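**Student:** Give me a 3D structure for the following:
(chains A, B, C and D)
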Protein chains: 2
Amino acid sequence: MTNKPIPDIVIGRLPQYLRSIQRMAREGRQVTSSQELGERLGISAAQIRKDLSQFGEFGKQGTGYNIAFLIEKLRKILNIDHDWDVVVVGCGGIGSAVVRYRGFTNRGFNVRMVFDADPQKVGEKIGEFVIQDYTNMVDTIRDAGIKVAMLAVPDASAQEVTNKLVEAGIRAILNYAPISLTVPAGVHLQYIDPSIHLQRMTYYLD
Amino acid sequence: MTNKPIPDIVIGRLPQYLRSIQRMAREGRQVTSSQELGERLGISAAQIRKDLSQFGEFGKQGTGYNIAFLIEKLRKILNIDHDWDVVVVGCGGIGSAVVRYRGFTNRGFNVRMVFDADPQKVGEKIGEFVIQDYTNMVDTIRDAGIKVAMLAVPDASAQEVTNKLVEAGIRAILNYAPISLTVPAGVHLQYIDPSIHLQRMTYYLD
DNA sequence: TAGATTGTTAATCGATTAACAATC
DNA sequence: TAGATTGTTAATCGATTAACAATC
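**Tutor:** Okay, here's the model as predicted:
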């Protein structure tokens, strides 16, 4: 009996579920239902129940899901029951904004160090962080055991920096450069490119 | 004979195709194939051919796709053969970075105006833009005929500001606030939430 | 011509939904 | 108990892939 892996498309919905129920928790709510959650997210109730049931029986017939309990479960599933240290590479406009961003709190991530290739910037501070020298990046990341990186460098250097991150032991990269990157198997990659999101919407406009 | 709408999942891949071939064009390339494009993007060649064939016959047997021609076609399909004016609302860290971002050039978008609700910020400049008073936002956007918005306000005001944008005639919103929004039918919505992308990767980490 | 690559069809694969017994 | 909602199954729906004739 071989356990089938959970489809990635299901994994992709779990963080949305988590974000919504964390919000409900902040609103003081105790329980929710697949129907309510579905309405908030524009996803069918059946889909939510099916997704969650892949990981266990988290609800109660008649009453729904206990919010605090479901948050705990989802955090475990997503491996964010403990925070991940994160490195930010590139301190231009986007990189600096990401370093200062308050939105990682309670979501499983903690920016720990910041690098830039520009010698002019090295030593400057962004918030509480001193920008570190790119020359020492690989060793510094490896020594700190950091596995998660956010990449906000110019397009032209994105692949080269990515290679260094992989060399440093990074296992997950969130890439803000609007360019396709190549990574070895076992290294995970996600893209944020606002133009792509916008283009996806203009298709439907007149 | 009713023309079936093109699936949204296909539309979502077109901007990726476009980004890749625009890059090839910058590299001085003249033609490409579904195979090459697929390798760059991690998508099967068959899928790319199928997607493109929904809109016409853009390739030539034996030789592949002319890059300049395909760029032109994709830009037409995605409705970005002319640029869209864009409004940015919220001038915190993310909003300011988006306003300064150079990555919209040649991708179909042009930031035209910037608003913030904080009276302290109104009148300040971000790059070439003067931050405008939120009080006049609805009329100003409507008068300018702007249809595309990027939203980078605090979570607590995101829905309220969204309602104003809809009132102002905005038809596409790219939301940076980590919160689910509700919009009427016919208004398009996309989300950028870095924590969600990161959580999607940590699932696979130890 | 020989080689390459498209556009398209049919087959496969996977994801979503509807429905309902179980049960809180 | 009556009402509500889960977890799960089977049916439906949709997306991807394999394969190949057409043709540059």
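
**Student:** Considering only chain A, name the residue that lies closest to DNA strand C.
**Tutor:** Nearest residue of chain A to DNA strand C, counting by C-beta to the nearest atom of the strand: A:Gly62, 2.2 Å away. C-betas here are computed from N, CA, C, even on glycine.

**Student:** per-residue confidence for that residue?
**Tutor:** You'll see A:Gly62 listed with a pLDDT of 97.

**Student:** before we move on, what about A:Asn3?
**Tutor:** The predicted structure scores A:Asn3 at 71 on the pLDDT scale.

**Student:** Check the burial of it by counting its neighbours.
**Tutor:** The number of residues packed around A:Asn3, counting by other C-beta atoms under 10 Å in any protein chain shown, is 5.

**Student:** In three-state terms, label it for me.
**Tutor:** Using DSSP: H, G, I helix; E, B strand; the rest coil as the criterion, the local structure at A:Asn3 reads coil.

**Student:** Break down chain A into its strands, ranges please.
**Tutor:** Counting by DSSP state E, residue ranges of the strands within chain A are A:31-32, A:59-60, A:64-66, A:84-89, A:109-116, A:125-126, A:129-130, A:132-133, A:148-151, A:172-175, A:188-191.

**Student:** the helices in chain A, which residues?
**Tutor:** Ranges of helices within chain A are A:8-26, A:34-41, A:45-53, A:67-77, A:93-100, A:137-144, A:155-167, A:194-202, based on DSSP state H.

**Student:** Could you export those helices as a markdown table, including mean neighbour count?
**Tutor:** Shown next, in a markdown table, are these (neighbours: other C-beta atoms under 10 Å in any protein chain shown):
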| stretch | mean neighbour count |
| --- | --- |
| helix A:8-26 | 18 |
| helix A:34-41 | 18 |
| helix A:45-53 | 16 |
| helix A:67-77 | 18 |
| helix A:93-100 | 23 |
| helix A:137-144 | 16 |
| helix A:155-167 | 17 |
| helix A:194-202 | 22 |
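
**Student:** Serialize the ones you listed to JSON lines and add fields for distance to B:Phe109.
**Tutor:** Converted to JSON lines, the helices of chain A look like this (distance: least, C-beta to C-beta, whole Å):
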{"stretch": "helix A:8-26", "distance to B:Phe109": "26"}
{"stretch": "helix A:34-41", "distance to B:Phe109": "27"}
{"stretch": "helix A:45-53", "distance to B:Phe109": "33"}
{"stretch": "helix A:67-77", "distance to B:Phe109": "35"}
{"stretch": "helix A:93-100", "distance to B:Phe109": "16"}
{"stretch": "helix A:137-144", "distance to B:Phe109": "33"}
{"stretch": "helix A:155-167", "distance to B:Phe109": "17"}
{"stretch": "helix A:194-202", "distance to B:Phe109": "6"}
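
**Student:** From B:Asp155, how far off is A:Gly28?
**Tutor:** A:Gly28 is 16 Å from B:Asp155, where distance means C-beta to C-beta, to the nearest Å.

**Student:** any residue of stretch A:55-74 up close to DNA strand D?
**Tutor:** Yes. When contact is scored as C-beta under 7 Å from any atom of the strand, part of stretch A:55-74 falls within range of DNA strand D: A:57-65.

**Student:** List buried residues within the residues you listed.
**Tutor:** A:58-59, A:64-65 (16 or more other C-beta atoms under 10 Å in any protein chain shown).

**Student:** so what's the residue nearest to the spatial centre of chain A bridging to?
**Tutor:** Among the residues of chain A, the smallest C-alpha distance to the mean C-alpha position (C-alpha atoms, centre = their mean) belongs to A:Leu174, namely 7.2 Å. Beta-bridge pairing of A:Leu174, defined through DSSP bridges, involves A:Met150, A:Gln190.
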